[in-house]
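Student: heads up, no residue letters with this:
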């Protein structure tokens, strides 16, 4: 019984080690391509391209998001290693594109802000790879375990559980990264609106103060001019007309 428990523990430890480390059982090979994310500032009137190596027969998912700048839009293109245009978008704020299966070589991702002459753009993008390995390579690690060590341990169930956990964790990280990009874009937008509101509020306040000062300075002068008007020799103020008198016809005499 103790021997079986020790064998089960050794098998479980070996399975975890072989799944979590990028090591091939049948020989050394190229290291797997890691997922990546990048945030950069694209100046106005400029175009910037990035190159990403990809293995053959894999899945490449590209996500981008404009998180800063006027309009929150940019032109995006994606080209294959052979120079074939796969994706072309104009004046977009975000996008998600998947290439499956991929070709061996360097993919080209370009962001174009040449349509803008003043505003620079803050862009976030992420590359997600999903290797489509052959069943022989995926199951190769199981051959390193002796048959007698798998008596009471279901290696296939352990492998599936670990793979499911790893996939869910990777997807959670991707979603959190995307939500962080959304939060940064909304925060930049709100900060820009706050600056505009503060500026125009200050302008309105200055106009109101100027009108109040002008009224305070001009109204007393106009009242003083009315009170100190000049008098004519007849005892009337300048500008005043004599009282009207009706002509007498003599009917009452």
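Tutor: On my side now, so go ahead. Not measured: the values here are computed from a predicted model.
Student: which other helices and strands contact the host helix or strand of residue 211?
Tutor: Counting by DSSP states H and E, the element that carries residue 211 is helix 155-227. Counting contacts by 3 or more C-beta pairs under 8 Å, 6 or more residues apart in numbering; DSSP states H and E, helix 155-227 is packed against helix 2-20, strand 58-68, strand 121-131. In this view, the C-beta of every residue, glycine as well, is placed from N, C-alpha and C.
Student: pLDDT averaged over it - what is it?
Tutor: When pLDDT is averaged over helix 155-227, the result is 79.
Student: between strand 58-68 and it, find me the angle.
Tutor: Helix 155-227 runs at 20 degrees relative to strand 58-68, counting by axes from the mean of the first three to the mean of the last three C-alpha atoms, to 10 degrees.
Student: now the angle from helix 155-227 to strand 121-131?
Tutor: 170 degrees.
Student: any idea which of the helices and strands packed on helix 155-227 scores lowest on pLDDT?
Tutor: The weakest mean pLDDT among the helices and strands packed on helix 155-227 belongs to helix 2-20, with a mean of 51.
Student: can you get me a residue count around residue 127?
Tutor: Residue 127 has 20 neighbouring residues, counting by other C-beta atoms under 10 Å.
Student: measure it to residue 79 for me?
Tutor: Residue 127 sits 14 Å away from residue 79, going by C-beta to C-beta, to the nearest Å.
Student: over to residue 71?
Tutor: Distance, residue 71 to residue 79, using C-beta to C-beta: 25 Å.
Student: more crowded one of these two?
Tutor: residue 79 (18 against 13).
Student: now for the more buried one: which residues touch it?
Tutor: Residues near residue 79 by C-beta atoms under 8 Å, 6 or more residues apart in numbering: 85, 86, 107, 108, 110.
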